[in-house]
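Peer 1: based on what follows, work out the 3D shape:
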Amino acid sequence: MTDHAHGHGHGHSHTHGVSPDADRRWLRAALTLLTAYMAVEVVIGVVAQSLALISDAAHMLTDAVSIVLALIAMRLAARPARGGYTYGLKRAEILSAQANGITLLLLSVWLAYEAVERLISPPKVTGGLVLVTALAGIVVNLICTWLLSRANRSSLNVEGAYQHILTDLFGFVATAVAGLIVLTTGFERADAIASLVVVGLMLRAGTGLVRDSGRIFLEAAPAGLDPDALGDHLAAADEVVEVHDLHIWLITSGHPALSAHILVAPGGDCHKVRRTLQELLSGQYGITHATLQVDHVGEQGAPDELLTLSPRPGPGPEPAAGHCEDAHGPVHRPGPHRH
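Peer 2: Below you'll find the predicted structure:
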(Lines give C-alpha, C1' and ligand atoms only; values in the text may rest on other atoms or scores of the structure.)
Protein backbone atom coordinates (compact mmCIF):
# COMPACT_ATOMS: atom_id res chain seq x y z
CA MET A 1 0.00 0.00 0.00
CA THR A 2 1.45 3.36 -0.98
CA ASP A 3 1.68 6.43 1.21
CA HIS A 4 -0.77 8.15 -1.08
CA ALA A 5 -3.37 5.46 -0.59
CA HIS A 6 -3.15 5.43 3.19
CA GLY A 7 -2.89 9.19 3.37
CA HIS A 8 -6.60 9.82 2.82
CA GLY A 9 -8.64 10.48 5.90
CA HIS A 10 -12.25 11.17 6.61
CA GLY A 11 -13.37 12.04 10.08
CA HIS A 12 -16.87 13.02 11.07
CA SER A 13 -19.74 12.34 13.38
CA HIS A 14 -22.91 10.79 12.02
CA THR A 15 -25.13 12.71 14.38
CA HIS A 16 -26.38 15.08 11.69
CA GLY A 17 -29.89 16.52 12.01
CA VAL A 18 -31.90 18.39 14.60
CA SER A 19 -34.14 16.35 16.96
CA PRO A 20 -36.87 16.19 14.34
CA ASP A 21 -39.49 14.52 16.56
CA ALA A 22 -39.22 17.13 19.31
CA ASP A 23 -39.14 20.01 16.86
CA ARG A 24 -42.17 18.77 14.93
CA ARG A 25 -44.22 18.74 18.11
CA TRP A 26 -43.53 22.43 18.80
CA LEU A 27 -44.10 23.41 15.18
CA ARG A 28 -47.42 21.55 14.96
CA ALA A 29 -48.71 23.24 18.11
CA ALA A 30 -47.81 26.67 16.73
CA LEU A 31 -49.41 25.82 13.37
CA THR A 32 -52.72 24.85 14.98
CA LEU A 33 -52.91 28.04 17.03
CA LEU A 34 -51.93 30.29 14.11
CA THR A 35 -54.43 28.80 11.69
CA ALA A 36 -57.34 29.18 14.10
CA TYR A 37 -56.57 32.80 14.93
CA MET A 38 -55.84 33.73 11.31
CA ALA A 39 -59.38 32.76 10.25
CA VAL A 40 -60.86 34.97 12.96
CA GLU A 41 -58.58 37.90 12.07
CA VAL A 42 -59.50 37.86 8.37
CA VAL A 43 -63.20 38.25 9.21
CA ILE A 44 -62.55 41.06 11.70
CA GLY A 45 -60.14 42.83 9.35
CA VAL A 46 -62.77 42.95 6.61
CA VAL A 47 -65.47 44.18 8.99
CA ALA A 48 -63.18 46.86 10.48
CA GLN A 49 -61.75 47.82 7.04
CA SER A 50 -58.26 47.63 8.56
CA LEU A 51 -55.36 47.02 6.18
CA ALA A 52 -53.10 46.53 9.19
CA LEU A 53 -55.25 43.62 10.39
CA ILE A 54 -55.58 42.16 6.90
CA SER A 55 -51.82 42.47 6.37
CA ASP A 56 -51.23 40.77 9.73
CA ALA A 57 -53.61 37.99 8.67
CA ALA A 58 -51.80 37.66 5.33
CA HIS A 59 -48.55 37.45 7.22
CA MET A 60 -50.03 34.82 9.50
CA LEU A 61 -50.91 32.83 6.38
CA THR A 62 -47.25 32.90 5.35
CA ASP A 63 -46.40 31.93 8.95
CA ALA A 64 -48.60 28.85 8.60
CA VAL A 65 -47.13 28.03 5.18
CA SER A 66 -43.60 28.46 6.55
CA ILE A 67 -44.31 25.99 9.35
CA VAL A 68 -45.84 23.49 6.91
CA LEU A 69 -42.75 23.81 4.70
CA ALA A 70 -40.53 23.39 7.75
CA LEU A 71 -42.34 20.21 8.77
CA ILE A 72 -42.09 18.76 5.25
CA ALA A 73 -38.42 19.71 5.00
CA MET A 74 -37.64 18.11 8.36
CA ARG A 75 -39.21 14.86 7.24
CA LEU A 76 -37.25 14.90 3.97
CA ALA A 77 -34.00 15.80 5.74
CA ALA A 78 -34.41 12.85 8.12
CA ARG A 79 -34.29 10.36 5.24
CA PRO A 80 -31.00 8.44 5.00
CA ALA A 81 -28.55 9.16 2.19
CA ARG A 82 -28.95 6.78 -0.71
CA GLY A 83 -28.57 6.62 -4.48
CA GLY A 84 -27.46 9.84 -6.12
CA TYR A 85 -28.23 11.92 -3.01
CA THR A 86 -25.01 11.24 -1.12
CA TYR A 87 -25.85 13.81 1.56
CA GLY A 88 -29.45 12.70 1.71
CA LEU A 89 -32.06 15.45 1.43
CA LYS A 90 -30.69 17.63 4.20
CA ARG A 91 -30.75 20.72 2.04
CA ALA A 92 -34.51 20.49 1.77
CA GLU A 93 -34.39 22.49 5.00
CA ILE A 94 -32.42 25.24 3.25
CA LEU A 95 -34.90 25.26 0.36
CA SER A 96 -37.65 25.76 2.92
CA ALA A 97 -35.76 28.61 4.57
CA GLN A 98 -35.19 30.28 1.20
CA ALA A 99 -38.87 29.90 0.29
CA ASN A 100 -39.78 31.54 3.61
CA GLY A 101 -37.47 34.44 2.87
CA ILE A 102 -38.79 34.94 -0.66
CA THR A 103 -42.43 34.88 0.49
CA LEU A 104 -41.63 37.54 3.08
CA LEU A 105 -40.06 39.75 0.41
CA LEU A 106 -42.91 39.30 -2.08
CA LEU A 107 -45.58 39.90 0.53
CA SER A 108 -43.80 43.03 1.76
CA VAL A 109 -43.91 44.51 -1.77
CA TRP A 110 -47.67 43.96 -2.03
CA LEU A 111 -48.37 45.34 1.45
CA ALA A 112 -46.17 48.39 0.81
CA TYR A 113 -48.19 49.20 -2.31
CA GLU A 114 -51.49 48.84 -0.44
CA ALA A 115 -50.23 50.92 2.48
CA VAL A 116 -49.12 53.79 0.23
CA GLU A 117 -52.54 53.81 -1.44
CA ARG A 118 -54.21 54.05 1.97
CA LEU A 119 -51.91 56.85 3.02
CA ILE A 120 -53.17 58.81 0.03
CA SER A 121 -56.85 57.90 0.47
CA PRO A 122 -57.42 56.47 3.96
CA PRO A 123 -60.66 54.47 4.43
CA LYS A 124 -62.79 54.58 7.56
CA VAL A 125 -61.14 52.32 10.17
CA THR A 126 -62.86 50.96 13.30
CA GLY A 127 -60.10 51.69 15.81
CA GLY A 128 -61.58 49.84 18.80
CA LEU A 129 -62.02 46.59 16.88
CA VAL A 130 -58.50 46.87 15.49
CA LEU A 131 -57.04 47.44 18.96
CA VAL A 132 -58.80 44.49 20.61
CA THR A 133 -57.95 42.12 17.73
CA ALA A 134 -54.31 43.22 17.69
CA LEU A 135 -53.97 42.73 21.45
CA ALA A 136 -55.35 39.20 21.09
CA GLY A 137 -52.94 38.67 18.20
CA ILE A 138 -50.01 39.70 20.40
CA VAL A 139 -50.97 37.01 22.92
CA VAL A 140 -51.31 34.35 20.20
CA ASN A 141 -47.98 35.28 18.63
CA LEU A 142 -46.21 35.37 21.99
CA ILE A 143 -47.35 31.78 22.56
CA CYS A 144 -46.30 30.73 19.04
CA THR A 145 -42.94 32.49 19.41
CA TRP A 146 -42.34 30.63 22.66
CA LEU A 147 -43.32 27.31 21.05
CA LEU A 148 -40.86 27.78 18.17
CA SER A 149 -38.11 29.02 20.49
CA ARG A 150 -38.28 25.57 22.09
CA ALA A 151 -37.30 23.98 18.76
CA ASN A 152 -33.72 23.84 17.53
CA ARG A 153 -33.14 27.25 15.94
CA SER A 154 -29.63 26.31 14.79
CA SER A 155 -31.56 24.90 11.83
CA LEU A 156 -32.07 27.67 9.25
CA ASN A 157 -35.32 25.92 8.42
CA VAL A 158 -36.71 26.37 11.94
CA GLU A 159 -35.19 29.84 12.13
CA GLY A 160 -37.10 30.79 8.98
CA ALA A 161 -40.43 29.83 10.56
CA TYR A 162 -39.40 31.55 13.81
CA GLN A 163 -38.55 34.80 11.97
CA HIS A 164 -41.96 34.74 10.27
CA ILE A 165 -43.76 34.54 13.60
CA LEU A 166 -41.47 37.01 15.38
CA THR A 167 -42.06 39.55 12.60
CA ASP A 168 -45.80 38.96 12.93
CA LEU A 169 -45.57 39.61 16.67
CA PHE A 170 -43.93 42.99 16.07
CA GLY A 171 -46.55 43.67 13.42
CA PHE A 172 -49.37 43.11 15.90
CA VAL A 173 -47.71 45.51 18.32
CA ALA A 174 -47.62 48.16 15.58
CA THR A 175 -51.24 47.42 14.68
CA ALA A 176 -52.34 47.73 18.31
CA VAL A 177 -50.64 51.13 18.53
CA ALA A 178 -52.34 52.16 15.28
CA GLY A 179 -55.74 51.02 16.58
CA LEU A 180 -55.23 53.03 19.77
CA ILE A 181 -54.30 56.14 17.77
CA VAL A 182 -57.32 55.79 15.50
CA LEU A 183 -59.59 55.22 18.50
CA THR A 184 -58.33 58.21 20.51
CA THR A 185 -57.47 60.75 17.80
CA GLY A 186 -59.32 59.65 14.66
CA PHE A 187 -56.05 59.70 12.68
CA GLU A 188 -56.90 56.88 10.24
CA ARG A 189 -53.59 57.01 8.37
CA ALA A 190 -52.03 55.40 11.46
CA ASP A 191 -53.35 52.06 10.16
CA ALA A 192 -51.37 52.39 6.90
CA ILE A 193 -48.30 53.61 8.77
CA ALA A 194 -48.46 50.50 10.97
CA SER A 195 -48.58 48.39 7.80
CA LEU A 196 -45.39 50.08 6.57
CA VAL A 197 -43.70 49.24 9.87
CA VAL A 198 -44.65 45.59 9.30
CA VAL A 199 -43.28 45.84 5.74
CA GLY A 200 -39.92 47.05 7.06
CA LEU A 201 -39.71 44.14 9.50
CA MET A 202 -40.64 41.67 6.77
CA LEU A 203 -37.98 43.06 4.42
CA ARG A 204 -35.33 42.71 7.12
CA ALA A 205 -36.25 39.12 8.03
CA GLY A 206 -36.73 38.04 4.40
CA THR A 207 -33.41 39.51 3.26
CA GLY A 208 -31.56 37.71 6.05
CA LEU A 209 -33.11 34.34 5.21
CA VAL A 210 -32.46 34.66 1.47
CA ARG A 211 -28.86 35.76 2.13
CA ASP A 212 -28.08 32.96 4.59
CA SER A 213 -29.70 30.22 2.50
CA GLY A 214 -28.00 31.59 -0.63
CA ARG A 215 -24.58 31.31 1.04
CA ILE A 216 -25.24 27.62 1.69
CA PHE A 217 -26.37 26.95 -1.89
CA LEU A 218 -23.28 28.77 -3.22
CA GLU A 219 -21.03 26.57 -1.03
CA ALA A 220 -19.71 29.58 0.91
CA ALA A 221 -17.75 29.04 4.10
CA PRO A 222 -19.79 29.32 7.32
CA ALA A 223 -20.35 32.92 8.36
CA GLY A 224 -17.67 34.05 10.80
CA LEU A 225 -15.11 31.49 9.66
CA ASP A 226 -12.09 32.82 7.72
CA PRO A 227 -10.84 30.11 5.31
CA ASP A 228 -7.47 31.86 4.88
CA ALA A 229 -6.85 31.93 8.62
CA LEU A 230 -7.93 28.29 8.93
CA GLY A 231 -5.65 27.28 6.03
CA ASP A 232 -2.70 29.06 7.63
CA HIS A 233 -3.48 27.30 10.91
CA LEU A 234 -3.37 23.91 9.17
CA ALA A 235 -0.15 24.81 7.35
CA ALA A 236 1.53 25.75 10.65
CA ALA A 237 1.19 22.19 11.98
CA ASP A 238 4.34 20.08 12.41
CA GLU A 239 5.63 18.39 9.24
CA VAL A 240 3.08 20.17 7.01
CA VAL A 241 4.74 21.79 3.99
CA GLU A 242 1.67 23.03 2.12
CA VAL A 243 -2.12 23.08 2.18
CA HIS A 244 -4.08 23.66 -1.00
CA ASP A 245 -7.39 22.80 -2.65
CA LEU A 246 -9.02 23.84 0.63
CA HIS A 247 -12.82 23.88 0.54
CA ILE A 248 -15.14 24.70 3.45
CA TRP A 249 -18.91 24.65 3.10
CA LEU A 250 -22.15 23.87 4.91
CA ILE A 251 -24.01 20.66 4.11
CA THR A 252 -27.01 22.19 5.87
CA SER A 253 -27.28 24.71 8.68
CA GLY A 254 -25.07 23.79 11.60
CA HIS A 255 -23.13 21.07 9.72
CA PRO A 256 -19.88 22.40 8.24
CA ALA A 257 -17.69 20.21 6.05
CA LEU A 258 -14.12 20.56 4.80
CA SER A 259 -11.80 18.96 2.28
CA ALA A 260 -8.15 19.77 1.60
CA HIS A 261 -4.93 18.45 0.05
CA ILE A 262 -2.10 18.34 2.58
CA LEU A 263 1.57 17.98 1.62
CA VAL A 264 3.84 16.53 4.29
CA ALA A 265 7.64 16.75 4.49
CA PRO A 266 9.54 13.72 3.10
CA GLY A 267 9.72 11.03 5.76
CA GLY A 268 6.93 12.63 7.80
CA ASP A 269 4.20 10.52 9.39
CA CYS A 270 1.18 11.33 7.23
CA HIS A 271 -1.14 9.28 9.48
CA LYS A 272 -0.13 11.34 12.50
CA VAL A 273 -0.48 14.60 10.57
CA ARG A 274 -3.97 13.68 9.41
CA ARG A 275 -5.10 12.77 12.93
CA THR A 276 -3.59 15.97 14.34
CA LEU A 277 -5.31 18.16 11.74
CA GLN A 278 -8.68 16.46 12.16
CA GLU A 279 -8.47 16.93 15.93
CA LEU A 280 -7.61 20.59 15.36
CA LEU A 281 -10.56 21.06 13.01
CA SER A 282 -12.97 19.33 15.37
CA GLY A 283 -11.75 20.91 18.60
CA GLN A 284 -11.13 24.50 17.50
CA TYR A 285 -13.46 24.97 14.54
CA GLY A 286 -16.29 22.51 15.21
CA ILE A 287 -15.73 20.82 11.83
CA THR A 288 -16.25 17.10 12.37
CA HIS A 289 -16.95 16.25 8.72
CA ALA A 290 -13.44 16.63 7.23
CA THR A 291 -11.83 14.79 4.33
CA LEU A 292 -8.07 15.24 4.05
CA GLN A 293 -5.88 13.91 1.24
CA VAL A 294 -2.37 13.66 2.67
CA ASP A 295 0.69 13.17 0.42
CA HIS A 296 4.43 13.41 0.85
CA VAL A 297 6.15 16.17 -1.07
CA GLY A 298 7.32 14.98 -4.48
CA GLU A 299 5.81 11.51 -4.42
CA GLN A 300 3.82 12.22 -7.60
CA GLY A 301 6.52 14.23 -9.35
CA ALA A 302 10.25 14.86 -9.27
CA PRO A 303 11.77 14.51 -5.77
CA ASP A 304 12.52 18.24 -5.53
CA GLU A 305 9.09 19.47 -6.67
CA LEU A 306 6.17 20.67 -4.56
CA LEU A 307 2.80 19.37 -5.66
CA THR A 308 1.08 22.74 -5.97
CA LEU A 309 -2.10 23.44 -7.89
CA SER A 310 -0.86 26.87 -8.98
CA PRO A 311 2.55 28.45 -9.46
CA ARG A 312 4.04 29.39 -6.11
CA PRO A 313 4.39 33.14 -5.65
CA GLY A 314 7.81 34.44 -6.68
CA PRO A 315 10.68 32.20 -7.74
CA GLY A 316 10.08 28.52 -7.50
CA PRO A 317 9.13 25.40 -9.44
CA GLU A 318 6.04 25.21 -11.61
CA PRO A 319 3.19 22.86 -10.68
CA ALA A 320 4.09 19.18 -10.75
CA ALA A 321 3.15 17.25 -13.86
CA GLY A 322 -0.25 15.60 -13.73
CA HIS A 323 -1.78 18.19 -11.40
CA CYS A 324 -4.60 20.52 -12.32
CA GLU A 325 -3.26 23.83 -13.59
CA ASP A 326 -6.33 25.75 -12.40
CA ALA A 327 -6.02 27.18 -8.91
CA HIS A 328 -8.57 25.89 -6.41
CA GLY A 329 -8.21 28.70 -3.93
CA PRO A 330 -5.07 30.05 -2.25
CA VAL A 331 -2.03 27.99 -1.33
CA HIS A 332 -1.09 27.95 2.35
CA ARG A 333 2.47 27.38 3.59
CA PRO A 334 4.19 27.82 6.94
CA GLY A 335 5.45 31.35 7.53
CA PRO A 336 4.50 34.61 5.82
CA HIS A 337 3.09 34.20 2.29
CA ARG A 338 0.61 35.68 -0.13
CA HIS A 339 -2.89 34.23 -0.47
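Peer 1: do a quick rundown of the helices in the stretch 1-150 of the chain.
Peer 2: 3-6, 20-48, 51-77, 92-120, 127-149 (DSSP state H, counting those that start in this stretch).
Peer 1: show me where pLDDT drops low in the stretch 201-339 of the chain?
Peer 2: The model of the stretch 201-339 of the chain has pLDDT under 70 over residues 298-328, 337-339.
Peer 1: just checking, Asp228 touches Pro330?
Peer 2: Yes. Using C-beta atoms under 8 Å, Asp228 is in contact with Pro330, at 6.4 Å. Every residue, glycine included, has its C-beta placed from N, CA and C.
Peer 1: between the two, point out the one with more neighbours.
Peer 2: Each of Asp228 and Pro330 has its neighbours counted (other C-beta atoms under 10 Å); Pro330 has more, 18 against 13.
Peer 1: so the more buried one: helix, strand or coil?
Peer 2: Following DSSP: H, G, I helix; E, B strand; the rest coil, the label given to Pro330 is coil.
Peer 1: quick check: it touching Gly231?
Peer 2: Yes. Counting by C-beta under 8 Å, Pro330 sits close enough to Gly231 to count as a contact (6.8 Å).
Peer 1: hmm, back to that, the helices of the stretch 1-150 of the chain: which one's closest to Ala235?
Peer 2: Minimum separation from Ala235 across the helices of the stretch 1-150 of the chain (C-beta to C-beta) falls at helix 3-6, 19.4 Å.
Peer 1: please name the nearest non-neighbouring residue to Pro123.
Peer 2: Ranked by C-beta to C-beta, 6 or more residues apart in numbering and with sequence neighbours excluded, the top spatial neighbour of Pro123 is Gln49, at 5.0 Å.
Peer 1: could you dump the helices of the stretch 1-150 of the chain into TSV and include mean neighbour count?
Peer 2: Converted to TSV, the helices of the stretch 1-150 of the chain look like this (neighbours: other C-beta atoms under 10 Å):
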stretch	mean neighbour count
helix 3-6	12
helix 20-48	17
helix 51-77	24
helix 92-120	20
helix 127-149	20
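Peer 1: tell me which of these lies nearest to Ala161.
Peer 2: helix 51-77 (4.5 Å).
Peer 1: just checking, what packs against that closest one?
Peer 2: The contact analysis (3 or more C-beta pairs under 8 Å, 6 or more residues apart in numbering; DSSP states H and E) places helix 51-77 against helix 20-48, helix 92-120, helix 127-149, helix 156-185, helix 189-217.
Peer 1: adding distance to Asp295, write the ones you listed out as CSV.
Peer 2: As requested, the helices and strands packed on helix 51-77 are exported to CSV (distance: least, C-beta to C-beta, whole Å):
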stretch, distance to Asp295
helix 20-48, 40
helix 92-120, 34
helix 127-149, 48
helix 156-185, 36
helix 189-217, 30
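Peer 1: nearest to His244, of these?
Peer 2: That would be helix 189-217 among the helices and strands packed on helix 51-77, by C-beta to C-beta, at 23.0 Å.
Peer 1: after the closest one, which helix or strand is next?
Peer 2: Following helix 189-217 in sequence order, the next helix or strand is helix 227-235 (DSSP states H and E).
Peer 1: so for that next one, what gets flagged as buried?
Peer 2: Residues of helix 227-235 classed as buried: 227, 230-235 (neighbour count, 16 or more other C-beta atoms under 10 Å).
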